[in-house]
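# sequence-free structure coming up:
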Ligand code: UDP
């Protein structure tokens, strides 16, 4: 049997993309291992047995991108629906549209401002922030002014991050656009959608397309697996997508993450909240949002997806403190974390046959498309020359 050319640790987006490319483009033999019992990483979905509703096991995942190469790449494996994400938020027992747009502004200030009037108003309110914002709070106020920040961002962010907004990276808030028209699409990307067959099937199609060259071993811990350790010692190229600090035995301390906990409920109604994601902006309730999975597939019309079916599934999402052993979701990236990361990256740069990638390997707050992009770029610039 041909020997393994590439070992990929982690069967999430980064790992599977690299494995698929190495097999399809270069004809290389790849071993992918993952400690979980499924592929797809946090983008994995599964179909609930009782209702037939597809749930994103690790929280809402909506594919959106402006990268042409990423869009073409993902469309090789499945076509995408024309799903458009829209989110609402509850504040003071009232529902407002997100991201903050002219509809939110006029509802909040009980007014009928034109786009120009609203801009002027927010500009005045944003004056409270310094010219060069250095953290999430200053950045938030400079974008939307203090009243809207206090209503929609401050408490939600405190619930989600359990870190004072003054200590959080300002880029977190840049994920949320602010609009002075009535457009309430959550994302502003060129392309958006959900794989027609669902995420689980998408990743299966991806791996099936290279099943002769890519072997996948699940329930396999890299640090304990003999085959993986032998390959590493023999100098085989390794793409490692697990936590970079874990790889280096936490020698500079653990990088800090936020974790998330979901409470799943099957509710005996056709439609629980009328939209896929409802955020809760106030300190109470304690959950940050409720996800209702049915709404991700309005095109599905059979079983529980049919109108009047009387069954829906919701996940109440709670942010939770991360500690070793818990699932890492969001990198906190305090200045201390970034210092540690720099030290780990210095070690990583000295490795001859190990490439770190993905959310955990790079300690990055990645959307799905950014992970595909980073994997495709790493494949072209670093992995291909090493495998050739
Ligand atoms: N955010 C907020 N209020 C909201 C939604 C988002 O304050 O209703 C802030 C919060 O700090 C959050 C960030 O915007 O961490 C990004 O939110 P998004 O929903 O885009 O991130 P996700 O959790 O889905 O990755």
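Noted; the coordinates are in hand. Only a predicted model underlies this, so the values are computations on that prediction, with no experimental measurement involved.

# Can you pull the residues of this protein lying near the ligand?
Residues of the chain that fall close to the ligand, judged by CB under 6 Å from any ligand atom: 89, 98, 152-153, 156-157, 160, 172-173, 175-176, 279, 281. Every C-beta, even on glycine, is put in place using the N, C-alpha and C of the backbone.

# can you count the residues close to the closest residue to residue 115 other than its chain neighbours?
Among residues not flanking residue 115 along the chain, residue 180 sits closest, at 4.3 Å (CB to CB, 6 or more residues apart in numbering). Applying other CB atoms under 10 Å, we find 17 residues neighbouring residue 180.

# any idea how far residue 180 is from residue 116?
Distance, residue 180 to residue 116, using CB to CB, to the nearest Å: 8 Å.

# next one: residue 84
Taking CB to CB, one finds residue 84 at 27 Å from residue 116.

# between the two, which one's more packed in?
Set residue 84 next to residue 116 and count neighbours by other CB under 10 Å: residue 84 wins out with 14 against 9.

# For residue 188, see how far away that one is.
Distance of residue 84 to residue 188, given as CB to CB: 11 Å.

# where exactly do the helices run in the stretch 251-388 of the chain?
335-349, 358-362, 368-378, 384-387 (DSSP state H, counting those that start in this stretch).

# Can you say which of the ones you listed is packed in most?
Compared across the helices of the stretch 251-388 of the chain, helix 358-362 shows the largest average neighbour count, a mean of 26 (mean count of other CB atoms under 10 Å).

# which other helices and strands contact that one?
Other helices and strands packing on helix 358-362, by 3 or more CB pairs under 8 Å, 6 or more residues apart in numbering; DSSP states H and E, are helix 13-26, helix 244-247, helix 368-378.

# how much space between residue 285 and the ligand?
Relative to the ligand, residue 285 is positioned 14 Å away (CB to the nearest ligand atom, to the nearest Å).

# got it, and residue 143?
From residue 143 across to the ligand, the span is 11 Å (CB to the nearest ligand atom).

# So what's the residue count around that residue?
Here the count is done by other CB under 10 Å, and residue 143 has 21 residues near it.

# contacting residues around it?
Residue 143 makes contact with 126, 173, 178 under the criterion CB atoms under 8 Å, 6 or more residues apart in numbering.

# Which one of these is nearest to residue 327?
Of all those, residue 173 has the smallest distance to residue 327: 23.8 Å, by CB to CB.

# looking at this, that closest one is in a helix?
Yes: Residue 173 forms part of a helix when assessed by DSSP: H, G, I helix; E, B strand; the rest coil.

# Quick check, pLDDT for it.
According to the prediction, residue 173 has pLDDT 87.

# isn't it right up against residue 142?
No: with contacts defined as CB atoms under 8 Å, residue 173 does not count as touching residue 142, sitting 9.6 Å away.

# So which residue is dead centre in the protein?
In the chain, the centroid-proximal residue (CA atoms, centre = their mean) is residue 367; its distance is 4.3 Å.

# That one against residue 64, yeah?
Yes: applying CB under 8 Å, one finds residue 367 in contact with residue 64, separated by 7.2 Å.

# immediately after the worst-scoring helix or strand of the chain on mean pLDDT, which helix or strand?
When the helices and strands of the chain are compared on mean pLDDT, DSSP states H and E, helix 171-174 comes out lowest with a mean of 87. Of the helices and strands lying after helix 171-174 in sequence (DSSP states H and E), the nearest is strand 191-193.
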